[in-house]
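A.B. asks: Make a model of this:
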Amino acid sequence: MRSLLILSIFFFFGISHAQTNSLAAPQIAIKIPLGETVVLGDVSITFEKVIEDSRCPEGVQCVWAGNAKILVNVSHDGGTSNEKIVLFENGKQPTLFEDEKKIFRALQLNPYPVSSDQGKSGRAYVLLISEVSAG
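C.D. replies: The predicted model follows:
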């Protein structure tokens with residue numbers, strides 16, 4: 001009887017820990033410095049300019065979180081390029097390009113403003129993007 005109890009405990013312990021937890025695959029970020037182009041297969045993406053960066057600086061309490069707006073140029077298969085305004089707000093990851101095989105999303109715009117940046121220009125902006133398999 002005692003060995004049956006011990007066997008039951010091991011069986012229950014094994015079943016309860018056999019459940020697999022699904023982990024999200026880590027996103028690999030591709031960096032595009034301001035004014036530069038990356039070619040990813042048949043898609044080329046150029047980070048043209050920062051139109052607006054009104055994000056609330058770190059270390060400052062703001063009423064509004066603000067946003068950042070940039071201009072990118074995307075071309076597919078060497079065809080005509082399309083200018084696209086990308087808006088970073090509320091933690092969303094805007095889509096830069098999408099077809100039946102892949103999706104390119106804008107992850108974030110770096111560097112994030114800090115309170116000591118007030119009134120300074122000429123920041124070295126970098127756009128972080130990721131590729132996701134479609135479907």
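A.B. asks: ok so S116 is a helix residue?
C.D. replies: Yes - read with DSSP: H, G, I helix; E, B strand; the rest coil, S116 is one of the residues of a helix.
A.B. asks: and it, how many neighbours?
C.D. replies: Residue crowding around S116 was assessed by other C-beta atoms under 10 Å; the count is 10. (C-beta placed from N, C-alpha, C; glycine too.)
A.B. asks: roughly how far apart are it and V126?
C.D. replies: Counting by C-beta to C-beta, to the nearest Å, the separation of S116 from V126 is 19 Å.
A.B. asks: Then S44?
C.D. replies: Summarising the geometry, the distance separating S44 from V126, computed by C-beta to C-beta, is 17 Å.
A.B. asks: so where's the protein shaky on pLDDT?
C.D. replies: Counting by pLDDT under 70, the low-confidence segments of the chain come to 1-27, 117-122, 135.
A.B. asks: In it, what residue spans correspond to strands?
C.D. replies: For the chain, the strands defined by DSSP state E cover 30-33, 37-40, 43-53, 68-76, 81-88, 95-98, 102-110, 126-133.
A.B. asks: want to throw those into JSON lines with distance to G59 and mean neighbour count?
C.D. replies: As requested, those are arranged in JSON lines below (distance: least, C-beta to C-beta, whole Å; neighbours: other C-beta atoms under 10 Å):
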{"stretch": "strand 30-33", "distance to G59": "25", "mean neighbour count": "15"}
{"stretch": "strand 37-40", "distance to G59": "32", "mean neighbour count": "13"}
{"stretch": "strand 43-53", "distance to G59": "16", "mean neighbour count": "17"}
{"stretch": "strand 68-76", "distance to G59": "18", "mean neighbour count": "18"}
{"stretch": "strand 81-88", "distance to G59": "19", "mean neighbour count": "15"}
{"stretch": "strand 95-98", "distance to G59": "30", "mean neighbour count": "16"}
{"stretch": "strand 102-110", "distance to G59": "17", "mean neighbour count": "18"}
{"stretch": "strand 126-133", "distance to G59": "21", "mean neighbour count": "17"}
